[in-house]
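S.K.: Sequence first, then the predicted structure:
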Amino acid sequence: FLCSVELGEDIGICDGSSADLHAEISAAGAVGATQYIKWYNNGVLMDENIYNTLDITVDQSGTYSIEVLIENCNSVAVDTINVDFATRFIPDLDYTFRLCDMDKNGTESFDLNAMSNAILNGITDYSVEYYLTELDANSNATPLTSPYNIGNTTIFAKILSTTVDDCYVVVPVHLEIVTPLEPETTFSYVTPICVNGQDSILPILSVDFYGGGTYSSTSGLDINSTTGEINLETSTPGDYTVKYEVSAVPAECILASSHEVTIKVLPRIGFTIDGRCLKGEYQLTAIDVLGGTDLSTARLVWSSNVKSSNGVHATVDKEGIYTLTVTTSDGCVEEFEVEVTDIYCDIQKGLSPNNDGLNDNLDLTNFYVTSLKIYNRFGSEVYTHGSGYTNQWIGQDKGGNALPTGTYFYEIRTAQETFSGWIQLTREIK
């Protein structure tokens, strides 16, 4: 007749080391002696010398099967039971997850799935659910869903075994909203910028200035995008807007920030000092060769060793080194220097071209002559020279022939004046 064996419901053991299995025999009629009992774990026959009774104790997870052959039964009785051993998850001491509040509204969306991966850290056979309170976690309330938008708070993670029911641990999880860093980007330049005396200029940075950003400017300014250094040699004078920008870095909780300033690059001050005879005295004249200085507002000061001065002009009565200090209305200052080695402004009365080094020529070097004309006592023009004359007349006529001894008359023109006089030409009688 028909016989059966029952092992009961599957068994899950949480934090335990063994499980007792009991087989119950049932039959449709009276049975005889048990002929054999065999136990299997995952299909492998267990030791028959040990596991040969209806009650055994096991300490490994697996699918256990029993075969029982009883006298008077028409077949072998068989049943199977699943046994699972699990331990509660061992949590870390602290679970804190932080998100940067880049939009500064006090809340952020937390990815609960990503948080679960971080908590489990690769450990298998567990899952994680999240609840508002510890009571909710223990009473199987509806878990939170991802993404979870919230501000600073504490929720509870229920870390469950996926193999054994009701084998779990509940731990607090702290969610923090981090206030983002707003980089300090304040800077300045000393402005207006005087070009003279410096080839470049660096920005003045605030105490907590945040580096790593980018400098830029309106067109015409040669600026280093990393350091903010301005190359004054290659920049065009003018007004500029300089901007410093830091890009947002959400991964580091850094906001975008920028600051801009307006600066003025002034024209370079550039003067030369010209010296020449004028009205019988040696005069120095300051010439703005770069054309960038407003002489109506600039202050020009000559050194104290000049005889007299008036603006761009100064009169000197001795050889030496003279300086001119130019101060613009913007406060830019530059000093220029000239060495005067010859202040002779008299026109000689005699010419004796005999190569003795004395009065061999008519020396007008310090006059910057634009025209020289020589006449004889009859009023005839015997010699002429245009711009660039210095000391070329040694008593010759227009054809280069030596003029005879006598009194000659000159007419001299410069850019500032015209004057005339006489000179005695004397030739040695050999």
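M.R.: Sure, I can see it.
S.K.: Can you find the helix or strand of the chain with the lowest average pLDDT?
M.R.: Ranked by mean pLDDT, DSSP states H and E, the helix or strand of the chain with the weakest confidence is strand 24-27, at a mean of 90.
S.K.: which helices and strands sit right next to it?
M.R.: strand 3-6, strand 62-70 (3 or more C-beta pairs under 8 Å, 6 or more residues apart in numbering; DSSP states H and E). Bear in mind the C-beta positions are built from the backbone N, C-alpha and C, glycine included.
S.K.: Touching, residue 91 and residue 119? I think so.
M.R.: Yes. Contact criterion C-beta atoms under 8 Å: residue 91 and residue 119 qualify, at 7.5 Å.
S.K.: Where does pLDDT dip in the stretch 1-150 of the chain?
M.R.: 1 (pLDDT under 70).
S.K.: which phi and psi does residue 251 have?
M.R.: Here is the backbone geometry of residue 251 (degrees, to the nearest 10): phi -60, psi -30.
S.K.: show me what contacts it?
M.R.: By C-beta atoms under 8 Å, 6 or more residues apart in numbering, the contact set of residue 251 is empty.
S.K.: returning to that earlier point: after the least confident helix or strand of the chain, which helix or strand is next?
M.R.: Note on strand 24-27: by DSSP states H and E, the next helix or strand toward the C-terminus is strand 34-41.
S.K.: So what touches that following strand?
M.R.: 23, 45-46, 48, 51-54, 56, 58, 60, 62-71.
S.K.: The helix or strand just after that strand pairs with which strands?
M.R.: With elements assigned by DSSP H and E, the helix or strand that comes after strand 34-41 is strand 44-45. Each strand that pairs with strand 44-45, with its direction, by DSSP bridges: strand 34-41 (antiparallel).
S.K.: Buried residues, the strand it pairs with. List them.
M.R.: Within strand 34-41, the residues scored as buried using 16 or more other C-beta atoms under 10 Å are 37-41.
S.K.: what does stretch 132-140 give?
M.R.: Buried-residue list, stretch 132-140, by 16+ other C-beta under 10 Å: 132, 136-137.
S.K.: Any idea how far the least confident helix or strand of the chain is from the middle of the chain?
M.R.: 85 Å (C-alpha atoms, centre = their mean, to the nearest Å).
S.K.: Just checking: what are the partner strands of it?
M.R.: In its sheet, and by DSSP bridges, strand 24-27 pairs with strand 3-6 (antiparallel).
S.K.: Output the strand it pairs with in PDB with nothing but the alpha carbons.
M.R.: C-alpha atoms of strand 3-6 as PDB (Å, rounded to 0.1, in the frame of the first residue of the first chain):
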ATOM      1  CA  CYS A   3       3.400   5.200   2.100                       C
ATOM      2  CA  SER A   4       4.800   8.800   2.400                       C
ATOM      3  CA  VAL A   5       7.300  10.900   4.400                       C
ATOM      4  CA  GLU A   6       7.000  14.600   5.300                       C
END
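S.K.: Helix or strand next in line after it, which one?
M.R.: strand 11-14.
S.K.: contact partners of that following strand?
M.R.: By C-beta under 8 Å, 6+ apart, strand 11-14 touches 19, 21, 81-88, 161, 163-167.
S.K.: let's go with 7 Å and repeat that
M.R.: 19, 81, 83-86, 88, 161, 164-167 (C-beta atoms under 7 Å, 6 or more residues apart in numbering).
S.K.: Which pair in these has the greatest spatial separation?
M.R.: Comparing all pairs in the contacts of strand 11-14 by C-beta to C-beta, the longest separation belongs to 81 and 88, at 23.1 Å.
S.K.: more crowded one of the two?
M.R.: residue 81 (20 against 15; other C-beta atoms under 10 Å).
S.K.: residues in contact with that one?
M.R.: With C-beta under 7 Å, 6+ apart, residue 81 has these contacts: 7-8, 10-11, 21, 64.
S.K.: and which of these is nearest to residue 406?
M.R.: Of those, the one sitting nearest to residue 406 (C-beta to C-beta) turns out to be residue 10, at 146.8 Å.
S.K.: where's the closest one relative to residue 115, distance?
M.R.: Between residue 10 and residue 115 the computed distance is 31 Å (C-beta to C-beta, to the nearest Å).
S.K.: for the stretch 51-200 of the chain, what spans make up the strands?
M.R.: 55-58, 62-70, 77-86, 96-100, 108-110, 126-131, 148-150, 153-161, 168-178, 187-188, 200-201 (DSSP state E, counting those that start in this stretch).
S.K.: Can I get these in JSON lines including distance to residue 370?
M.R.: Formatted as JSON lines, the strands of the stretch 51-200 of the chain follow (distance: least, C-beta to C-beta, whole Å):
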{"stretch": "strand 55-58", "distance to residue 370": "126"}
{"stretch": "strand 62-70", "distance to residue 370": "121"}
{"stretch": "strand 77-86", "distance to residue 370": "113"}
{"stretch": "strand 96-100", "distance to residue 370": "79"}
{"stretch": "strand 108-110", "distance to residue 370": "84"}
{"stretch": "strand 126-131", "distance to residue 370": "99"}
{"stretch": "strand 148-150", "distance to residue 370": "89"}
{"stretch": "strand 153-161", "distance to residue 370": "94"}
{"stretch": "strand 168-178", "distance to residue 370": "81"}
{"stretch": "strand 187-188", "distance to residue 370": "52"}
{"stretch": "strand 200-201", "distance to residue 370": "43"}
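S.K.: for those, which one sits closest to residue 319?
M.R.: strand 200-201 (38.5 Å).
S.K.: Tell me how many other residues crowd residue 166.
M.R.: 9.
S.K.: How are the helices of this structure distributed by residue range?
M.R.: Taking DSSP state H as the criterion, the chain carries its helices at 112-120, 134-138.
S.K.: out of the ones you listed, nearest to residue 400?
M.R.: Per C-beta to C-beta, nearest to residue 400 of these: helix 112-120, 103.8 Å.
S.K.: what's the nearest residue to residue 5 if we skip its chain neighbours?
M.R.: Closest residue in space to residue 5, ignoring its immediate chain neighbours: residue 77 at 4.0 Å, by C-beta to C-beta, 6 or more residues apart in numbering.
S.K.: contacting residues for the one you found?
M.R.: Taking C-beta under 7 Å, 6+ apart as the test, what residue 77 contacts is 3-5, 25, 68, 70.
S.K.: Sweet, I'm off.
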